[in-house]
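**Student:** The sequence and its predicted three-dimensional model are supplied below.
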Amino acid sequence: MKILIADTETTKDDYVADFGAVVADLSTGEILDEIGTLVYGQFDEKELWFNPRAKADDFWSKQNTRSRRKKYRQRIEHGQRSIAAPALINIWLAKNLGRYNPVASAYNISFDGPKCDKTGIQLGMFPRHVCLLKLARSYLADHAPFIEHCERHDAFTPTGRPRMTADNVARFILGDSLDPEPHTALEDARDYELPIAQFLFDKGILK
């Protein structure tokens, strides 16, 4: 089974600033292609998203946007990121659609999908889409080992439900030594969301 997993980091006005995706064969575990690019006209011109209610030392605070932008620029300098227009990202997507015809996904596709649409990134060209969050919730919400994991890490929502963030689910799958998500699109898609997709495929949930 071939899958494309996309992830985004956004601007304050909900455009994509950082786009990342991997194409993988879940039957073999092989990564077939990947892309990590900052989006021309968004990253270089607009403010990164922040939570106005976050404390100053929180990752998503306004105060931390300067540090986040600096780290992105370092990735450009080190050859770990490029800057590309949505049209070029769409060429990459179309190439992989033609070559592999993968199922398109994101961890929370109801979040990433509209942001891509607004930016002109055409995930809609793929005929089939799945939401990894919905599939993970359907399997893990009442799964005793996952509940025990959440109890050890105090990973519950204010309403008492298991926290279904990609970071928490990936740590359950890969182990407690996994570093927190860096919240950069390619790394989140490849190192956190792909293992979740592989887990769901191996369990027969992702078909």
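**Tutor:** Perfect, I can see it now.

**Student:** Name the nearest residue to residue 32, sequence neighbours excluded.
**Tutor:** residue 23 (4.6 Å; Cβ to Cβ, 6 or more residues apart in numbering). C-betas here are computed from N, CA, C, even on glycine.

**Student:** Verify the contact between the one you found and residue 4 for me.
**Tutor:** Yes. The pair residue 23 / residue 4 is scored as a contact, 5.0 Å apart, by Cβ atoms under 8 Å.

**Student:** List of residues touching the strand or helix carrying residue 98?
**Tutor:** Counting by DSSP states H and E, the element that carries residue 98 is helix 86-100. Contacts with helix 86-100, where a contact means Cβ atoms under 8 Å, 6 or more residues apart in numbering, come from 2, 4, 19, 21, 23, 32-33, 35, 37, 39-40, 102, 119-123, 125-126.

**Student:** Adjacent strands (with direction) for the next helix or strand after that helix?
**Tutor:** Next along the chain after helix 86-100, taking DSSP H and E as the criterion, comes strand 103-106. In the sheet, strand 103-106 lines up against strand 2-10 (parallel), strand 129-131 (parallel) (DSSP bridges).

**Student:** where do the helices sit along the protein?
**Tutor:** Taking DSSP state H, the helices of the chain run over residues 65-77, 86-100, 109-119, 132-140, 144-153, 166-174, 185-188, 194-202.

**Student:** And for the third one, what's in contact with it?
**Tutor:** Yep, that's helix 109-119 we're talking about. Residues from elsewhere that reach helix 109-119 (Cβ under 8 Å, 6+ apart): 6-8, 10, 14-16, 19, 39, 42, 86, 106, 122-124, 129-133.

**Student:** Quick check: mean pLDDT of it?
**Tutor:** Averaged across helix 109-119, the pLDDT comes to 98.

**Student:** The nearest residue to residue 39 once chain neighbours are set aside pairs with what?
**Tutor:** Of all residues not flanking residue 39 in the chain, residue 16 sits nearest, at 5.2 Å (Cβ to Cβ, 6+ apart). Beta-bridge partners for residue 16, by DSSP bridges, are residue 10.

**Student:** Next up, the contacts around residue 16.
**Tutor:** Taking Cβ under 8 Å, 6+ apart, we find residue 16 in contact with 8, 9, 10, 39, 42, 115, 116, 118, 119, 121.

**Student:** out of those residues, who's nearest residue 158?
**Tutor:** Proximity of those to residue 158 was ranked by Cβ to Cβ; the top entry is residue 10 with 24.0 Å.

**Student:** Hmm, residue 50 and the closest one touching each other?
**Tutor:** No. Between residue 10 and residue 50 there is no contact under Cβ under 8 Å: 10.3 Å.

**Student:** Thank you kindly, that will do.
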